[in-house]
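**Q** structure, please.
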Amino acid sequence: MPVLPSLITLGNLFLGFLAMAKAADAVRIGDIGEPAAVQLIETATLCIFLAMVFDALDGRVARMTGQTSAFGAQLDSLADVVTFGCAPAFVALQLVKLHEAVPFAKLPPHPKIYYFCAAVYVLCAAMRLARFNVESNAPVLTEDDHSEFRGLPSPGAAAVISAMLAFFCSSQDEGAQITQWLVPDDAHLAAVRALPAALVLAGLLMVSRVPFPHVFHALVARRHSFPFLASMVVLIGLVLLEWQLGLLIAVVAYLAWGIARGVKRSLVKHDEHPPDGPGTPSIGVGSLPAARIDATPFRN
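**A** Next up is the predicted model:
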């Protein structure tokens, strides 16, 4: 049994459990106006982001040490269900519940709707990872497997929810001066109100076929323009100055990037239909991109 990669994966799983435990502790306080409750929510969010580092390392360590195994692959998927499926939905649900409680009542009391939105996210994450396990042995036909994901990856979906949670926590961060200058005062509350819809959207994007780019591959595999480099420098600087706002901008840009790729690819495929009618099979070059996309193994 591979020991080192498995320990890293278990660290990922532990951080997901710890995030849920911290959110439960925040609910015990019962007052989101208390700095201690906000601090617990922020700690839970940081646990999820740190788990993403563990998730990125376990596979690389396994390949570097020659310890790849079927056990490690299954353990990785199980850990991702907890850390990137259950944990973000649980923390978001607890934050929403704190805002619908008396005496705040800043959200309408619709507990069934909030539970439903969180459940949609968890179920979609589980289905995505289950489909990944089934299709992980599919043959790789092109390099698309390394350049993009078919659907929003589960760490990316967790990053979307966690970035919204972190942005809310910045409302009590005295050092977040740039955020206070750029965004209106009620933007933090708006982020909480948008959490139920964001859970459903992120869940549906996980089980979709929208081609989201692999960020590391997109940055290092090819050259980019000077404006792209300048924008990356500004974004990294913003993350270093105020990480909550920087991460929120980064995940929104990533979502827009993937959705724009999907729309553009759909329009190209639509334009490349043969003129003989919809019943005529396409055997030209236009049919090749669709075949490559469908054959790309599912990513977690």
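
**Q** could you report the neighbour count for the closest residue to residue 172 other than its chain neighbours?
**A** Counting by C-beta to C-beta, 6 or more residues apart in numbering, residue 38 is the residue found nearest to residue 172 once chain neighbours are left out, at 5.0 Å. For glycine as for every other residue, the C-beta is placed from the backbone atoms N, C-alpha and C. Applying other C-beta atoms under 10 Å, we find 22 residues neighbouring residue 38.

**Q** now residue 38. Its backbone dihedrals?
**A** Dihedral angles of residue 38 (phi, psi; degrees, to the nearest 10) stand at phi -60, psi -40.

**Q** for it, give its distance to residue 239.
**A** Computed as C-beta to C-beta, to the nearest Å, the residue 38 to residue 239 distance reads 20 Å.

**Q** cool, and residue 18?
**A** Taking C-beta to C-beta, one finds residue 18 at 23 Å from residue 239.

**Q** and if you look at residue 28?
**A** Distance from residue 28 to residue 239, by C-beta to C-beta: 31 Å.

**Q** neighbour-wise, which of these two wins?
**A** Higher neighbour count among residue 28 and residue 239: residue 239, with 15 against 8, using other C-beta under 10 Å.

**Q** where in the chain is pLDDT low?
**A** Along the chain, segments meeting pLDDT under 70 span 101-106, 136-146, 174-177, 217-218, 220-221, 270-300.

**Q** hmm, 50 instead?
**A** 140-143, 276-299 (pLDDT under 50).

**Q** could you look up the SS state of residue 212?
**A** strand (DSSP: H, G, I helix; E, B strand; the rest coil).

**Q** surely the residue nearest to residue 172 and residue 169 touch.
**A** Yes. Counting by C-beta atoms under 8 Å, residue 169 is a contact partner of residue 38 at 5.4 Å.

**Q** quick one: common contacting residues for the two?
**A** Common contact partners of residue 38 and residue 169 (C-beta atoms under 8 Å, 6 or more residues apart in numbering): none.

**Q** send the alpha carbons of the one helix or strand residue 237 maps to over as CSV?
**A** Per DSSP states H and E, residue 237 falls inside helix 226-241. What follows is helix 226-241, C-alpha atoms only, in CSV (Å, rounded to 0.1, in the frame of the first residue of the first chain):
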residue,chain,number,x,y,z
PHE,A,226,2.0,40.9,-22.9
PRO,A,227,-1.4,42.2,-21.6
PHE,A,228,-2.1,38.7,-20.3
LEU,A,229,1.1,38.7,-18.4
ALA,A,230,0.4,42.2,-17.0
SER,A,231,-3.1,41.1,-15.9
MET,A,232,-1.6,38.1,-14.1
VAL,A,233,0.8,40.3,-12.3
VAL,A,234,-2.0,42.6,-11.1
LEU,A,235,-4.1,39.6,-10.0
ILE,A,236,-1.3,37.9,-8.1
GLY,A,237,-0.5,41.2,-6.4
LEU,A,238,-4.2,41.7,-5.4
VAL,A,239,-4.2,38.2,-4.0
LEU,A,240,-1.1,39.0,-1.9
LEU,A,241,-2.6,42.2,-0.7
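
**Q** how close does the closest residue to residue 247 other than its chain neighbours get to residue 52?
**A** In this structure, residue 247 finds its nearest non-sequential neighbour in residue 163, 4.5 Å apart by C-beta to C-beta, 6+ apart. Distance, residue 163 to residue 52, using C-beta to C-beta: 12 Å.

**Q** end-to-end on stretch 91-110?
**A** Terminal residues of stretch 91-110 are spaced 17 Å apart (C-alpha to C-alpha, to the nearest Å).

**Q** for that stretch, the distance to its chain's centre please.
**A** Remark: stretch 91-110 is offset 23 Å from the chain centroid, using C-alpha atoms, centre = their mean, to the nearest Å.

**Q** any buried residues in that stretch, and which?
**A** Neighbour counts over stretch 91-110 (16 or more other C-beta atoms under 10 Å) mark 91-101, 107 as buried.
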